[in-house]
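# Okay, sequence plus prediction incoming.
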Amino acid sequence: MPSPSLLASLDPRYPVSFLITLILVVGEARYGILGGYDRLVAALGVSTATELVLSRWLRGRVANVQSAYITGISLALLIKPPAHLLWPFALGGFLAIASKYVLQFRGRHLWNPSNFAISLLVVVAPASVAVLSQQWGNDLATNAVIWCFGLLIASRVRMLHVTLAYVACFVALAGVRSMITGGPLLAEIAPLTGPMYQLFVFFMITDPRTVVKGRRKQIVVAILIAIMEALIRLASDLGAPLPTAFNVAPAFFALATLAKRPRNQRDKASSVATQTPRAVASRS
């Protein structure tokens, strides 16, 4: 396992890419969660092409495709349409990357691209698009590998407090849901052992491009997301007439509903002034 000092020397985008690739490789090798490499090609191809075209057209420069790579793999893993459909992966890749360029506030995009695309697809096409819900089972070794790397990488991008705040709140609220519904506590906690929530806690809610400014505010937002997610899950368990999309992906819609205010230009200038050249370059 790489040491924290080695991770500290890397551009943050590369450890994140490594983590999401690790989830893909482990999940496909052990459980076949991808469902076909044509899905990966469609999601990655459209995400990368959209990033390159829009960056060149709107910003006049060639984009770094790390974001498109992460987005493409996320979509390939998380979107689960019927076996014969590829259009959700292509459309999802386009919507995810395009949202970065179109849905902005003070020059910063509002939603994590993958979260935005998946949430929108599940809303507009619930009969064709589902979200991965398969867990890693009881394989402790698989979960240990993913979580060890995930925690190291969250620490590297200085978002470990966000991940830990969300996980702690999720577990506590799982106990509350268990007492209310009478369901087993372990069943309420189990989603954290699956690839969907691992991507969620290590990538989506810690996206440096969409978090609020300030450690305390980031923790508060993470707690609010966990509370919103718990309320959606509890309402679904109690038979409330929620839209299908909310039942399918409560965590994604909790995050989408509580879209984080990005740092404004003044915040950005202040942040850049206190960072090293490597840190500034990693976010450009």
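Good, I have the coordinates. Numbers count the residues shown, from 1 in each chain.

# My understanding was that residue 132 contacts residue 33; is that so?
Yes: Residue 132 is within contact range of residue 33, at 6.3 Å (criterion: C-beta atoms under 8 Å). From N, CA and C alone the C-beta is placed, and that goes for glycine too.

# intersection of neighbour lists for the two?
77, 195 (C-beta atoms under 8 Å, 6 or more residues apart in numbering).

# Starting from residue 219, give me the distance back to residue 254.
16 Å (C-beta to C-beta, to the nearest Å).

# repeat for residue 225
11 Å.

# Low-confidence regions, the stretch 101-250 of the chain specifically.
Applying pLDDT under 70 to the stretch 101-250 of the chain flags residues 105, 107, 133-139.

# Look at residue 254 and residue 219 and report which has more neighbours.
residue 254 (24 against 17; other C-beta atoms under 10 Å).

# OK, contacts around that one?
Neighbours of residue 254 in contact, by C-beta under 8 Å, 6+ apart: 225, 226, 228, 229, 232.

# the helices in the stretch 151-284 of the chain, which residues?
Here the stretch 151-284 of the chain has its helices, by DSSP state H, counting those that start in this stretch, at 160-181, 185-189, 195-199, 215-237, 244-248, 250-257, 265-273, 277-282.

# Residue 234 touches residue 181, doesn't it?
Yes: at 7.4 Å, residue 234 counts as touching residue 181 under the criterion of C-beta under 8 Å.

# Let me know how buried residue 130 is, in neighbour terms.
Quick note: residue 130 (other C-beta under 10 Å) scores 19 neighbours.

# how close does it get to residue 35?
Taking C-beta to C-beta, one finds residue 130 at 11 Å from residue 35.

# any residues in contact with both of those two?
residue 80.

# quick revisit: select, out of the helices of the stretch 151-284 of the chain, the one closest to residue 22.
Across the helices of the stretch 151-284 of the chain, residue 22 has its closest neighbour in helix 195-199 (10.0 Å, C-beta to C-beta).

# distance between the closest one and the chain's centre?
8 Å (C-alpha atoms, centre = their mean, to the nearest Å).

# cool, and stretch 24-43?
17 Å.

# Compute the first-to-last residue distance for it.
13 Å (C-alpha to C-alpha, to the nearest Å).

# Same question for stretch 75-93.
7 Å.

# For the one residue sitting closest to the centre of the chain, which residues are in contact?
Centroid-nearest residue in the chain, with C-alpha atoms, centre = their mean: residue 204, separated by 2.6 Å. Residue 204 makes contacts with 112, 114, 115, 252, 255, as judged by C-beta under 8 Å, 6+ apart.

# I'd like to know how far the residue nearest to residue 236 when sequence neighbours are not counted sits from residue 190.
In space, and not counting its chain neighbours, residue 236 is closest to residue 247: 4.8 Å by C-beta to C-beta, 6 or more residues apart in numbering. Distance, residue 247 to residue 190, using C-beta to C-beta: 17 Å.

# same check, this time on residue 26
With C-beta to C-beta as the criterion, residue 26 and residue 190 are 18 Å apart.

# So for the two, which sits in the more crowded spot?
residue 26 (19 against 16).

# could you pull out the strands for the stretch 51-200 of the chain?
In the stretch 51-200 of the chain, the strands defined using DSSP state E, counting those that start in this stretch lie at 104-105, 108-109.

# ok now stretch 43-54, how far from the chain's centre?
Counting by C-alpha atoms, centre = their mean, stretch 43-54 comes out at 18 Å from the chain centroid.

# I'd like the numbering to begin with 18 instead of 1 from here.
New numbering, starting at 18: the last item is stretch 60-71.

# hmm, who's touching that stretch?
By C-beta under 8 Å, 6+ apart, stretch 60-71 touches 79-80, 82, 84-86, 88-90, 92-93, 96, 106-111, 113-115, 117-118.
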